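Trainee: Show me how the following folds:
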Amino acid sequence: MWTRILARVTRTVAGARNCSSIHQRISNPSFSKIPKSSFPQILNNPRFFATDSTLTLDDELSPDSSENGGDRHRVEEGDTYAEGDAYDAEGDKYEVDVDKLESVLRLLQTSADGSFESCLDDMDLSLHQKLVTKVIESPLVLSENLIRFFRWAWSERLLEVTTPMVESLVLAIYGKDVRKKEAYSLWDLVKEIGEKESGIINVRILNDLILCFSRLVKGKAALDVFDKFEAFQCVPDADTYYITIEALCRRRAYDWACGVCEKMVDAQAVPDGEKVGAILSWLCKAKKAKEAHGVYVVAMEKGKRPPMSTVSFLVSKLCREDETVKLALEMLEDIPEEKRGRAIKPFMAVVRALCRIKEVDKAKELLVKMIKDGPPPGNDVFNFIVTAYSRAGEIGKALETMKLMESRGLRPDVYTYTALASAYSNGGEMEEARKIMEEAKKKHVKLGPMMFHTLIRGYCKLERFDEALKLFSEMKNYGVRPSVDEYEKLIQSLCLKALDWEMAEKLLEEMKENGLHLKGITRGLIRAVKEMEKEVVESESITAVA
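Mentor: Residues are numbered from 1 along each chain as shown. As a prediction, this is how the structure comes out:
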């Protein structure tokens, strides 16, 4: 072994400048008697090897004692390599040529042109994974050049690519202000490596590529990466599904996002609760509440509870469609007891939706449950149910609900009284409707025009025009200004049913004074009734004379 060492040292020193004294020392037969531990002290000085910066003896020499701190262990045949060291194909320890590394970095830091690869060829580089890794990890390297260098080293120089090397490359590109062209070029390189080298590409590499395309708002490219998982023998994890859905939703490709959601649900790979909440919000904004509910169900089964604000948002979206209201009702059961007190919005949304689809009895059941377990129902919840019962003609249940409301110290609003009065009016029970109106006056300082309009219409329907006109005057005295609609309905009823064109003309003049304008067809109706009455009078006069 020492003979081989002497031969190598002799060849190296013979080509160096100003090293005759060293040559004499090495040629001296006593050189073989020098202790092994002395070689590093003599040869570690870089001045002695200025002509060949790559030459080291650390791989051949090892310290015999702890006094030579910092010297590395020698690796002989049959020995194992020291952890963290790099070795070339011949088993010799590989050291990066600093000068050539700097030359490569200078080239990579300049704008790329057609002579890029030829310049690399001219450098006569001894490529090794350690050199490539140092190049990748170096700052201020242009992303486009870094990708071209890696492709050149792999395809032209047959560099043995490893998973950590590809991970470092993708991370280096992703960590910079990457452009669209560079991102696609990187994906082409990774895809080619994955197709030709088995087991190199892993989930982390593909996830970083998806994130890269997501940042660039390139949802289709992110989906292309996602679709390659199976081809590269990778299994998507929860983060893979999340970042892919995020990339697609950023591009507003919601149909594709729903497809990825289905795969996520089938794989039972659900991210944490916060990320689930984000997915639910994206789908709800895209009017995909039903698909969002499917993700929610799997997340709850896995114990990944989304934020309460997202649950409330999903419930409100489900309540907008008649066929998904019952799904929203089921979701209320998942709200923890400690959070029910502040969950009035989702409960109120479900009550309102149930009333809209005419499931008023279920809304009433939910109301009773809210009174028992929370959240405490407010005026709006009661008003929805009273109004729904009133419109359905179930006045008894409406009054029962109103009494329950008053027993809890709540007061029905004007709209609720109006709905109840309308129910009585539609049934021809004008006296009961009038009682409701009087009760509303006691509890509210001002009534809206809808209450008066409801009763006036009821009186006109029963041809009780005197009471309708009386209520119309009361309406003005009460401080509620009649609208054009009230005037028009009353004038039409007076002309068509009572044939009282004189009162109709008075109302028309009153409208003009108030700055209101009646439709031409209704004004024509007044003239027609007036002329018809004159013709009848003239006809009766002629008949009497005859």
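Trainee: List phi and psi for the residue nearest to Arg340 when sequence neighbours are not counted.
Mentor: Counting by C-beta to C-beta, 6 or more residues apart in numbering, Arg340 lies nearest to Gly374, which is 4.4 Å off, once chain neighbours are set aside. Yep, even glycine has a C-beta here, placed from its N, CA and C like the rest. Main-chain torsions, Gly374, degrees, to the nearest 10: phi 90, psi 170.
Trainee: pLDDT below threshold where in the stretch 101-250 of the chain?
Mentor: 111-114, 116, 121-122 (pLDDT under 70).
Trainee: which residues does the residue lying closest to Glu160 once chain neighbours are set aside contact?
Mentor: Nearest residue to Glu160 in three dimensions, chain neighbours excluded: Gln129, at 6.8 Å (C-beta to C-beta, 6+ apart). Shown in contact with Gln129 (C-beta atoms under 8 Å, 6 or more residues apart in numbering): Ala86, Leu159, Glu160, Thr162, Met165.
Trainee: Helices - which of these land there?
Mentor: Met165 (DSSP state H).
Trainee: Buried ones among the contacts of Gln129?
Mentor: By neighbour count, with 16 or more other C-beta atoms under 10 Å, these hold Leu159, Met165 as buried.
Trainee: Farthest-apart pair in the contacts of Gln129, please.
Mentor: Between any two of the contacts of Gln129, the greatest separation by C-beta to C-beta is 13.3 Å, found for Ala86 and Leu159.
Trainee: which residues touch the helix or strand hosting Met451?
Mentor: Following DSSP states H and E, one finds Met451 within helix 449-461. With contact meaning C-beta under 8 Å, 6+ apart, helix 449-461 is reached by 414-415, 417-418, 421-422, 425-426, 428, 430, 433-434, 437, 440, 465, 467-468, 471-472, 474-475, 478, 480-483, 485-486, 489-490, 493, 497.
Trainee: Check the burial of Met300 by counting its neighbours.
Mentor: Neighbour count of Met300, defined by other C-beta atoms under 10 Å: 17.
Trainee: actually Val445, not the one I typed
Mentor: Neighbours around Val445, by other C-beta under 10 Å: 6.
Trainee: Counting neighbours, which bits of the helix holding Met451 end up buried?
Mentor: For helix 449-461, the neighbour count (16+ other C-beta under 10 Å) marks Pro449, Met451, Phe452, His453, Thr454, Leu455, Ile456, Arg457, Gly458, Tyr459, Cys460 as buried.
Trainee: need those residues in CSV with pLDDT and distance to Ser407, can you?
Mentor: Formatted as CSV, these follow (pLDDT from 0 to 100; distance: C-beta to C-beta, whole Å):
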residue, pLDDT, distance to Ser407
Pro449, 84, 30
Met451, 86, 24
Phe452, 86, 29
His453, 86, 31
Thr454, 87, 26
Leu455, 88, 28
Ile456, 86, 33
Arg457, 85, 32
Gly458, 87, 29
Tyr459, 86, 33
Cys460, 84, 36
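Trainee: Just name the closest of the residues you listed to Leu410, please.
Mentor: The closest of the buried residues of helix 449-461 to Leu410 turns out to be Met451 (C-beta to C-beta; 19.5 Å).
Trainee: What separation do you get for that closest one and Val445?
Mentor: Noted for Met451: a distance of 13 Å to Val445, by C-beta to C-beta, to the nearest Å.
Trainee: again with Ile344
Mentor: From Ile344 over to Val445 the distance is 27 Å, taken as C-beta to C-beta.
Trainee: cool, and Tyr424?
Mentor: 23 Å.
Trainee: again with Ile136
Mentor: For Ile136, the distance to Val445 (C-beta to C-beta) stands at 77 Å.
Trainee: now Thr387
Mentor: Counting by C-beta to C-beta, the gap from Thr387 to Val445 is 21 Å.
Trainee: what about Arg342, which SS state?
Mentor: When classified by DSSP: H, G, I helix; E, B strand; the rest coil, Arg342 comes out as coil.
Trainee: For it, give its distance to Val311.
Mentor: Taken as C-beta to C-beta, the span from Arg342 to Val311 is 12 Å.
Trainee: And those two? Which one has more around it.
Mentor: Here Arg342 and Val311 are compared on neighbour count by other C-beta under 10 Å; more neighbours surround Val311, at 22 against 12.
Trainee: For that one, give me its contacts.
Mentor: By C-beta under 8 Å, 6+ apart, Val311 lies in contact with Tyr296, Met331, Asp334, Ile335, Pro346.
Trainee: from those residues, which ones fall inside helices?
Mentor: Per DSSP H, helices hold the following members of the contacts of Val311: Tyr296, Met331, Pro346.
Trainee: May I see those organised as a markdown table, with neighbour count added?
Mentor: Formatted as a markdown table, those follow (neighbours: other C-beta atoms under 10 Å):
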| residue | neighbour count |
| --- | --- |
| Tyr296 | 28 |
| Met331 | 20 |
| Pro346 | 24 |
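Trainee: out of the residues you listed, who's nearest Lys304?
Mentor: Nearest member of these to Lys304, counting by C-beta to C-beta, is Tyr296, at 9.6 Å.
Trainee: Look up how far Leu318 lies from the closest one.
Mentor: Where Leu318 is concerned, Tyr296 sits at a distance of 10 Å (C-beta to C-beta).
Trainee: Burial check on the residue nearest to Arg340, number of neighbours?
Mentor: 17.
Trainee: Hmm, it is touching Gly341, no?
Mentor: Yes - contact between Gly374 and Gly341 holds when scored by C-beta atoms under 8 Å: they sit 5.3 Å apart.
Trainee: what's near enough to touch Asn207?
Mentor: When the contact criterion is C-beta under 8 Å, 6+ apart, the partners of Asn207 are Asp237, Asp239, Thr240, Ile243.
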